[in-house]
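K.L.:
quick one: sequence and predicted model below, then my questions.
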Amino acid sequence: MLTVRKSQDRGHADHGWLQSNHSFSFAGYYDPRYMGYGSLRVINEDRIAPGTGFGPHGHRDMEILSYVLSGELGHKDSLGNIQGIPPGDVQRMSAGTGVTHSEFNHADGQSTHFLQIWLEPDTRGIAPEYEQKTFPETEKRGVLRLLASPCGERGSLTVHADARLYAGLFDGSEAATLALPADRKAYVHVVRGAIEVNHRTLMAGDAAFAEQEPLLAFERGTQAEVLVFDLAA
C-alpha cells in the first residue's frame, strides 16, 4: 500500500528569517496523524535568510541529519566542530547525552535551503558524535545511493537507528528499484522535480508512505531528487 501526502498538506511556519515546512508534528505545528513514521520523527524543509540562523540550542538522544540543497549551512557545536555544509554534503550529529549547536547562513544575498531530519535512536545515552561526508551527484545519478545506515555500509554515515537513508537523482529514462522485506516499510520524500513511484506521480515536497509494498520503483523523473527511508515496520 502506497499513501501519498501532498506538499501543501504539510505544516508551515513563517518566522520571517525562516520559512519552514514540517512533514511531521513539530514546534507549533501539531497533527496527531503525523507524529513520525517508524524511527523517522522529523523532516523540516527550511529556508534561512542571509545573515540569520538558529542560535545555540540543545538536543539529547536524537540522530540528526542535515541535507543541504542550496546555499551553505554554517555549523558550530559544543564538541568543537565548526563546519560549513555545502550542497552534496550530509551531516550527521548523534546528540546522545547532550550537545549544543548553532546553524547559520553566512552567505551574502542567498538563502540556505536544507532539510533537517531527525531519527529516534535505538540506543540512548551514548556519547555525542559528529560526522560529515560528501556524496557527489555522480554517485546519485540514476541510482539510490546509501547515505546513512546503522553500520556505515558502503561509505555511508553511521546512524544509531534501525533506518537506512538513500538519495537518488532521476531524469528521463533513469530508473531504480528498492526491495522491501515484509518486516520493513519506507518513506519517500521528493526534494525537487517530479517522479513516478509505483506509478504514482509525486512532485517536489510530496511524500509517500509505503507499507506491505515488496518493491518501490522510481521512474519517469523530471529533474527529480528523492530521499528514501528504509524503516522497521
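P.N.:
In hand now; what should we look at? Numbers count the residues shown, from 1 in each chain.

K.L.:
need the contact partners of the one helix or strand A167 maps to.
P.N.:
Element membership for A167, per DSSP states H and E: strand 163-172. Defining contact as Cβ atoms under 8 Å, 6 or more residues apart in numbering, one finds that strand 163-172 is touched by 38-40, 65, 67, 117, 119, 135, 137, 140-150, 156, 159, 176, 178, 193, 195, 218-219, 221-232. C-betas here are computed from N, CA, C, even on glycine.

K.L.:
center of the protein, which residue is that?
P.N.:
Against the mean C-alpha coordinate of the chain, by Cα atoms, centre = their mean, the closest residue is I117 at 4.4 Å.

K.L.:
partner residues bridging that one?
P.N.:
Legend: beta-bridge partners of I117 under DSSP bridges are I43, L65.

K.L.:
tell me which of the contacts of strand 163-172 fall in strands.
P.N.:
40, 65, 67, 117, 119, 145-149, 176, 178, 193, 195, 218-219, 221-232 (DSSP state E).

K.L.:
just to revisit the earlier point, the strand holding A167: which residues count as buried?
P.N.:
163-170 (16 or more other Cβ atoms under 10 Å).

K.L.:
which of those residues sits closest to S23?
P.N.:
Distance to S23 across the buried residues of strand 163-172 (Cβ to Cβ) is lowest for L165, with 14.1 Å.

K.L.:
got the end-to-end distance for stretch 48-61?
P.N.:
From its first residue to its last, stretch 48-61 covers 25 Å (Cα to Cα, to the nearest Å).

K.L.:
with stretch 206-213 instead?
P.N.:
Termini of stretch 206-213 sit 18 Å apart (Cα to Cα).

K.L.:
what of stretch 134-149?
P.N.:
By Cα to Cα, the extent of stretch 134-149 from end to end equals 15 Å.

K.L.:
which residues sit against that stretch?
P.N.:
65, 88-90, 92, 153-159, 163-170, 174-176, 178, 218, 225, 228.

K.L.:
now a PyMOL select for only the buried ones of the contacts of strand 163-172.
P.N.:
Buried residues within these, by 16+ other Cβ under 10 Å, are selected in PyMOL with:
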select buried, resi 38+39+40+65+67+117+119+135+140+142+143+144+145+146+147+148+149+156+159+176+178+193+195+218+219+221+224+225+226+227+228+229+230+231
